[in-house]
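Enquirer: turn this into a model:
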Amino acid sequence: MRCRLCLSLSRQCICQKCLQTTLTPTPSQRILKNGLKVYSFYKYSEIAPLLHTKHTISGSEVFSILARHALLSFAKSFNFPVGVYAIPVDDRVDSGYSHSAVLAHELRSVFTPLYGVMRARNTQSYSGKTLAFREQNPRDFLLKCKSGLDVVLVDDIVTTGTTLMEAQRVLEKSEVNLLFALVLADAKEDF
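Expert: I've put the predicted structure just below:
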């Protein structure tokens, strides 16, 4: 197979050379207006073509590689207490797999993934939409987990932060302790 970035022959869809050069994670922290800390590892514009693979068959492999390369490396650098859970944001399966579930799965050596516990009842796409649209069309999350858990939210992108802030409100109402959110890319400067 060929690397999706440099087109050289590779055993994976992203070669080791590109992982070590082009895709070197640059961890950054963004604090949303409600105080939620969101850790990201790339600017959206740096990996947009890779993020768009979530709508393709090979996307699960791309997301797996990016999660191990950026999210897992970051998570392993901390000393978390035992019993922290990773909740993928809206891990509904639309086209063969859920990209947020793939990300949470790759974090399983650090956090215990909880699948299917935070699902959006509003399935409208936010892709390319304005903040006003996002605020007028909330996700309306349904949460199915017990209270008292320590959790980390996992998603692919933070743009305006409305999805993560809505998820945080739902978790707080259910007395679930949200530590922070992990995303691959921050699109703040791109929108």
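Enquirer: just the buried positions in the top helix by length along the chain, please.
Expert: In the chain, with assignment by DSSP state H, the single longest helix is helix 162-173. By 16 or more other Cβ atoms under 10 Å, the buried positions in helix 162-173 come out as 162-168, 170-171. (C-beta placed from N, C-alpha, C; glycine too.)
Enquirer: redo those residues as a markdown table? Include pLDDT and distance to residue 105.
Expert: Below are the buried residues of helix 162-173 laid out as a markdown table (pLDDT from 0 to 100; distance: Cβ to Cβ, whole Å):
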| residue | pLDDT | distance to residue 105 |
| --- | --- | --- |
| 162 | 92 | 25 |
| 163 | 93 | 20 |
| 164 | 96 | 20 |
| 165 | 96 | 25 |
| 166 | 95 | 23 |
| 167 | 96 | 19 |
| 168 | 97 | 22 |
| 170 | 96 | 22 |
| 171 | 97 | 20 |
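Enquirer: quick check: the farthest pair among those residues?
Expert: 162 and 171 (15.0 Å; Cβ to Cβ).
Enquirer: and the lowest mean pLDDT element among the helices and strands of the chain?
Expert: Scoring the helices and strands of the chain by mean pLDDT, DSSP states H and E places helix 131-136 at the bottom, with a mean of 83.
Enquirer: and that one, what does it pack onto?
Expert: Secondary-structure packing of helix 131-136 (3 or more Cβ pairs under 8 Å, 6 or more residues apart in numbering; DSSP states H and E): helix 162-173.
Enquirer: mind listing the strands for this structure?
Expert: 28-31, 37-40, 42-43, 84-88, 112-113, 118-120, 141-143, 150-158, 177-186 (DSSP state E).
Enquirer: hmm, residue 90 is touching residue 142, no?
Expert: No. Residue 90 lies out of contact with residue 142 (Cβ atoms under 8 Å); the separation is 9.9 Å.
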